[in-house]
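here's a sequence, model it:
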Amino acid sequence: MLPLIAFVAMAVTTGGPASEQTQSFGKWHTHIVLNGASMQSGSAYTEDGPGTGFGVACGRVCTFYLVSPIPCVDGTEYKALAANRTETGEIRLRCMHLDVGDGLIPQDGALIEELLTGDTISFAFPLRDGQFNISSFSLNGAKQALAAVVGRWKQEGGTVHAPDDGSKAADPGLNDTTL
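Numbers count the residues shown, from 1 in each chain. The predicted model follows:
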């Protein structure tokens, strides 16, 4: 999936020859960039269709991210509903322009973690006409894909948290994920 790979590429400056590893777990995929035996960056992700994706990217830090076909303004914070079959919560997302589209970085990582317990996770974005744009992502294989990327990142001493834009402490998420 190009959006996630582009996000990881933006987050990491590579030095020297690198190799890549990819795997699939159910509906989820992983992409790990190695420098020798060390993990330089990685991603675990899934798609809901063309122009949409959800996952976690590890570069300088690991953070969840969402690619949406809805344009957003770089640096602007948006609110959406995030849900699985039993829980729903409001989530804040910060827009970041990527080479292949607009990426939304959740500022409430702990909420995302809570919602990773069902078979799907959905995001509903309010539109101007009162309707919602909804993206739903399968969690089939998510646990294994996240363990392969985030688990390895942690083992190698990588930092795991949402980016802090300096305006407000970001809810880290991923720090207490049981993989």
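
make it CA atoms for all contacts and neighbour counts henceforth
Will do.

how about stretch 64-80: buried residues?
By neighbour count on 16 or more other C-alpha atoms under 10 Å, the buried set for stretch 64-80 is 64-68, 72, 77-78, 80.

scratch that, stretch 42-54 is what I was asking about
By neighbour count with 16+ other C-alpha under 10 Å, stretch 42-54 contains the buried residues 42-48, 51-54.

and those, which of them are in helices?
Using DSSP state H, no member of the buried residues of stretch 42-54 sits in helices.

thought Asn84 was touching Thr120?
Yes. Asn84 is within contact range of Thr120, at 5.8 Å (criterion: C-alpha atoms under 8 Å).

now intersect the buried residues of stretch 42-54 with the strands, please.
Members of these lying in strands (criterion: DSSP state E): 42-48, 52-54.

show me which of those residues is closest to Ser135.
Asp48 (6.5 Å; C-alpha to C-alpha).

flag the shaky bits of this structure, pLDDT-wise.
1-17, 98-101, 161-179 (pLDDT under 70).

go again using 50 as the cut-off
The chain contains residues with pLDDT under 50 at 1-14, 162-179.

all strands of it, in order?
19-25, 28-35, 38-49, 52-58, 61-68, 77-83, 88-98, 101-106, 120-126, 132-138, 159-160.

check contacts around Thr117.
Asn84 (C-alpha atoms under 8 Å, 6 or more residues apart in numbering).

returning to that earlier point: for Val149, find the nearest of the strands of the chain.
The nearest among the strands of the chain, by C-alpha to C-alpha, is strand 38-49 at 6.0 Å.

now render the buried residues of stretch 64-80 as JSON lines, adding distance to Ser38.
Formatted as JSON lines, these follow (distance: C-alpha to C-alpha, whole Å):
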{"residue": "Phe64", "distance to Ser38": "22"}
{"residue": "Tyr65", "distance to Ser38": "23"}
{"residue": "Leu66", "distance to Ser38": "26"}
{"residue": "Val67", "distance to Ser38": "27"}
{"residue": "Ser68", "distance to Ser38": "31"}
{"residue": "Cys72", "distance to Ser38": "35"}
{"residue": "Glu77", "distance to Ser38": "34"}
{"residue": "Tyr78", "distance to Ser38": "36"}
{"residue": "Ala80", "distance to Ser38": "36"}
